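Q: Next come a sequence and a model predicted from it.
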Amino acid sequence: MPVNVPHDLPARAILEAEKIFVMSDERAWHQDIRPMRIAVLNLMPLKVTTETQLLRLLSNTPLQIEITLLHTASHVSQTTSAEHLESFYSTFDDVAEQHFDGLIITGAPIEKLDFEDVDYWPEMARILDWTRTNVQSTLHVCWGAQAALYHHYGVGKYEVPQKISGVFTHRLTGAESPIITGFDEEFLAPHSRHTDVHASAIAATGEVDVLAVSDEAGVFLAGTADGRQIFVTGHPEYDADTLAREYRRDSEQGMSVPVPAHYFPDDDPAAVPLNRWRGHGHLLYANWLNYCVYQEVPFELDGV
């Protein structure tokens, strides 16, 4: 089944070219089902790119998905046009009285800042509090995961000596959760971040289970037993060339960054990388939509 997105959203043309089924409002209204209402708080600088990556993963489900794109009102984007935001995005104040089946909170390239030093942290804290009453399940990604672990459970982050960048092997920890249904015992996923969280600190909360870890990249996946909060420290939504583009951008800016690990063929930055994590990325998002959202949400959203 399709993702229902605005007709002129730039991501729509890209997804249609990939033969991914997207639906118009008119056709959606003719289906006698209640679509899953999913909001995306997009904190990434290149919002169109992130929209496309996430919508691609959300399309891999038999459910009809209605998307609401959100941006922070307290931070002015320097890399996405005001016209795009005005046309396709809402702010938190626009939806604060609404209920959603699911919410995705993306990462943001601000990991080295203390949380309280982020200019939109007060707004972020309000949104995180709101998710406990107005969202059935929230999927937090990268910095979004670190921010939620800190806000809800006091789990701190720490800066690593060298950026964690590359495609790493992960293993399941043995903790049970529907979110990992169908996962291989070992699987690949990309990471791209300057900070990390300790698995022991997450486990010490007594409320969040560590579900998948990497010997090199640390915790990848964690979640609460009821599935209402899922934390992903990596980027399973990344395209095959995303890490390459980040590496070249940082190198051109004179930054000392490592070549992404286990990513380029023969570790040659001139080689074309392959996407070796797509299957588990789709499975993760399909499991989240099915087990954490669809199977748990009431038919009427009020009072989630």
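A: The structure has been received and is ready for your questions.
Q: pLDDT (mean, whole number) over the biggest helix by length in the chain?
A: If you go by DSSP state H, the chain has its longest helix at helix 121-134. Mean per-residue pLDDT for helix 121-134: 97.
Q: show me where pLDDT drops low in this protein?
A: 1-8, 11-16, 18-33, 298-304 (pLDDT under 70).
Q: tell me the centre residue of it?
A: For the chain, the residue nearest the mean C-alpha position is residue 141 (3.8 Å; Cα atoms, centre = their mean).
Q: follow-up on the earlier one: other SSEs contacting the helix or strand just after the longest helix of the chain?
A: Scanning forward in sequence from helix 121-134 by DSSP states H and E, the next helix or strand is strand 135-141. On a contact count with 3 or more Cβ pairs under 8 Å, 6 or more residues apart in numbering; DSSP states H and E, strand 135-141 meets strand 100-105, helix 143-153, strand 229-232. Quick note: C-beta positions are derived from backbone N, CA and C, even for glycine.
Q: what residues does the second one touch?
A: What that stands for is helix 143-153. For helix 143-153, contacts defined as Cβ atoms under 8 Å, 6 or more residues apart in numbering pick out 41, 43, 105-111, 115, 124-125, 128, 138, 140, 155-157, 193, 195, 197, 202, 205, 207-208, 222, 229, 231-233.
Q: Please apply the same query to the first one.
A: Outside strand 100-105, the residues within contact range by Cβ under 8 Å, 6+ apart are 36-41, 43, 54, 68, 127, 131, 134-141, 144, 147-148, 288-289, 292-294, 297, 301, 304.
Q: Just the CA coordinates for it, please, in PDB.
A: C-alpha atoms of strand 100-105 as PDB (Å, rounded to 0.1, in the frame of the first residue of the first chain):
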ATOM      1  CA  PHE A 100      -0.700  10.500  15.900                       C
ATOM      2  CA  ASP A 101      -0.200   6.800  15.500                       C
ATOM      3  CA  GLY A 102       3.600   7.300  15.100                       C
ATOM      4  CA  LEU A 103       6.300   9.900  15.100                       C
ATOM      5  CA  ILE A 104       9.800   9.800  13.600                       C
ATOM      6  CA  ILE A 105      12.300  12.200  15.100                       C
END
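Q: That one vs strand 135-141, what angle?
A: If you take axes from the mean of the first three to the mean of the last three Cα atoms, to 10 degrees, strand 100-105 sits at 20 degrees to strand 135-141.
Q: How about the longest one?
A: For helix 143-153 against strand 135-141, the angle between stretch directions is 130 degrees (the same axes, to 10 degrees).
Q: Please name whichever of the helices and strands packed on strand 135-141 is nearest to residue 163.
A: Checking those against residue 163 by Cβ to Cβ gives helix 143-153 as the closest, at 13.5 Å.
Q: After the closest one, heading C-terminal, what element do we hit next?
A: Following helix 143-153 in sequence, per DSSP H and E, is strand 158-172.
Q: returning to that earlier point: just the buried subset of the contacts of helix 143-153, please.
A: 41, 43, 105-108, 110-111, 115, 124, 128, 138, 140, 155, 157, 193, 195, 197, 202, 208, 222, 229, 231-233 (16 or more other Cβ atoms under 10 Å).
Q: What residues are bridge-paired with the residue nearest to residue 173 when sequence neighbours are not counted?
A: In this structure, residue 173 finds its nearest non-sequential neighbour in residue 210, 5.4 Å apart by Cβ to Cβ, 6 or more residues apart in numbering. Under DSSP bridges, the beta-bridge partners of residue 210 are residue 222.
Q: Output the helix or strand where residue 251 lies in PDB, but only the C-alpha positions, please.
A: According to DSSP H and E, residue 251 maps onto helix 242-252. The C-alpha trace of helix 242-252 is given here as PDB (Å, rounded to 0.1, in the frame of the first residue of the first chain):
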ATOM      1  CA  THR A 242      25.200   9.200   1.600                       C
ATOM      2  CA  LEU A 243      28.300   8.400   3.700                       C
ATOM      3  CA  ALA A 244      30.400   9.100   0.600                       C
ATOM      4  CA  ARG A 245      28.900  12.600   0.200                       C
ATOM      5  CA  GLU A 246      29.300  13.300   3.900                       C
ATOM      6  CA  TYR A 247      33.000  12.200   3.700                       C
ATOM      7  CA  ARG A 248      33.800  14.400   0.700                       C
ATOM      8  CA  ARG A 249      31.900  17.400   2.100                       C
ATOM      9  CA  ASP A 250      33.900  17.200   5.400                       C
ATOM     10  CA  SER A 251      37.200  16.600   3.600                       C
ATOM     11  CA  GLU A 252      36.600  19.600   1.300                       C
END
